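> requesting a structural model of the entry that follows:
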Amino acid sequence: MIPAALLVLSGCAAPAPTDSAPEQQSPSASADESLTPGENEVITIGLKFMPETITVPVGTTVTWRNGETIGHTITSGAWGDVNESTGIRGSQTPDGLFDHALAPKGQEGDTFSFTFDEPGEYPYFCQPHLAMNAMVIVEG
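Predicted structure coming up:
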């Protein structure tokens, strides 16, 4: 019963990530260059934000792109109490700076951009997927 509850709480299940180089992954994954983040870009893939931490200068616009066929949110705010073995966060507190629902890959609304005008650390998360936690660091 507990594993089923965790599956429901996490939103979906995904295969465990591998440590293999991209050339050793499946042909469809390595051949799809759209899964590689561009400059100042974050992609959702494998129920993760890639990269999980991005550092940019003040005034930079960061764009998030959905690389998956399921929806996600880009929700600014604090997250914490992450379980080290599962990666699932135990808390989240939206701060209202941005909260955007990303449509599935290839659909209208599958990208979101935000310009960071102040230095600082900006944590964000995907509301329905409790293992999707990330950070934008803005340097002055």
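> so what's the residue nearest the centre of the chain up against?
Geometric centre of the chain, nearest residue: Phe49, 2.6 Å, by Cα atoms, centre = their mean. Counting by Cβ atoms under 8 Å, 6 or more residues apart in numbering, Phe49 makes contact with 42-43, 64, 124, 126, 132-134. Backbone N, C-alpha and C define where each C-beta goes, glycine included.
> just Ile45 next, same as before
35, 67-68.
> on that earlier part again, partner residues bridging the residue nearest to the centre of the chain?
Thr44 (DSSP bridges).
> list the buried residues of the top strand by length along the chain.
Taking DSSP state E as the criterion, the chain has its longest strand at strand 91-102. Within strand 91-102, the residues that qualify as buried are 92, 94, 98, 100, 102, counting by 16 or more other Cβ atoms under 10 Å.
> what separates the first one from Asp81, distance-wise?
Between Gln92 and Asp81 the distance is 9 Å, computed by Cβ to Cβ, to the nearest Å.
> tell me where this protein has strands.
Counting by DSSP E, the strands of the chain are 41-45, 48-50, 53-57, 60-66, 72-80, 91-102, 111-116, 120-125, 133-139.
> in TSV, list these along with mean pLDDT.
What follows is these, written out as TSV (pLDDT from 0 to 100):
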stretch	mean pLDDT
strand 41-45	97
strand 48-50	97
strand 53-57	98
strand 60-66	98
strand 72-80	97
strand 91-102	97
strand 111-116	98
strand 120-125	98
strand 133-139	98
